[in-house]
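Participant: Next one to model:
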Amino acid sequence: MLKEFFVKRQLKKMGVSGPQLEALMKVVKNNPGLFQRLGQEIEDKVSKNKLSYDEATLSVTTKYRSELAKIFNQKF
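Facilitator: As a prediction, this is how the structure comes out:
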């Protein structure tokens with residue numbers, strides 16, 4: 001899938017590799033709706049609220065903290 005390729009590429013640029021990369025890709029693949037919402041809300045905050053990408057990401061991930069914790073605490 002083309003989208004998966006670009007996600008992997010971006011994660012590699014961020015320094016994620018090996019088993020961490022595969023585990024993260026599995027989480028994203030198993031929860032596409034959540035990560036789509038996260039991405040859209042981040043983009044909205046950057047464009048509409050004029051926040052930096054980092055500020056927007058922190059704001060959105062804080063909002064979804066409990067959902068993300070559940071996902072990342074599952075066994076892979």
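Participant: Tell me the buried residues in the host helix or strand of residue 59?
Facilitator: Counting by DSSP states H and E, the secondary-structure element that holds residue 59 is helix 53-63. Counting neighbours by 16 or more other C-beta atoms under 10 Å, one finds that the buried residues in helix 53-63 are 56, 57, 60. For glycine as for every other residue, the C-beta is placed from the backbone atoms N, C-alpha and C.
Participant: What is the nearest of the residues you listed to residue 74?
Facilitator: Distance to residue 74 across those (C-beta to C-beta) is lowest for residue 60, with 20.8 Å.
Participant: Touching, the closest one and residue 34? I think so.
Facilitator: No. Residue 60 is not in contact with residue 34 according to C-beta atoms under 8 Å; the separation is 10.9 Å.
Participant: Which stretches in the protein count as helices?
Facilitator: Taking DSSP state H as the criterion, the chain carries its helices at 2-13, 18-30, 32-48, 53-63, 65-72.
Participant: Could you give the average pLDDT over the third one?
Facilitator: Just to be clear, that refers to helix 32-48. Summarised as a single mean, pLDDT over helix 32-48 is 94.
Participant: Just the CA coordinates for it, please, in PDB.
Facilitator: Taking only C-alpha atoms (Å, rounded to 0.1, in the frame of the first residue of the first chain), the coordinates of helix 32-48 have been written out as PDB:
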ATOM      1  CA  PRO A  32      -6.400   3.200  10.900                       C
ATOM      2  CA  GLY A  33      -9.400   5.300  11.900                       C
ATOM      3  CA  LEU A  34      -7.800   6.600  15.100                       C
ATOM      4  CA  PHE A  35      -4.600   7.600  13.300                       C
ATOM      5  CA  GLN A  36      -6.500   9.200  10.500                       C
ATOM      6  CA  ARG A  37      -8.400  11.300  13.000                       C
ATOM      7  CA  LEU A  38      -5.100  12.200  14.800                       C
ATOM      8  CA  GLY A  39      -3.500  13.300  11.500                       C
ATOM      9  CA  GLN A  40      -6.600  15.300  10.400                       C
ATOM     10  CA  GLU A  41      -6.800  17.100  13.800                       C
ATOM     11  CA  ILE A  42      -3.100  17.900  13.800                       C
ATOM     12  CA  GLU A  43      -3.400  19.300  10.200                       C
ATOM     13  CA  ASP A  44      -6.400  21.400  11.200                       C
ATOM     14  CA  LYS A  45      -4.700  22.800  14.300                       C
ATOM     15  CA  VAL A  46      -1.600  23.700  12.200                       C
ATOM     16  CA  SER A  47      -3.600  25.400   9.500                       C
ATOM     17  CA  LYS A  48      -6.500  26.900  11.400                       C
END
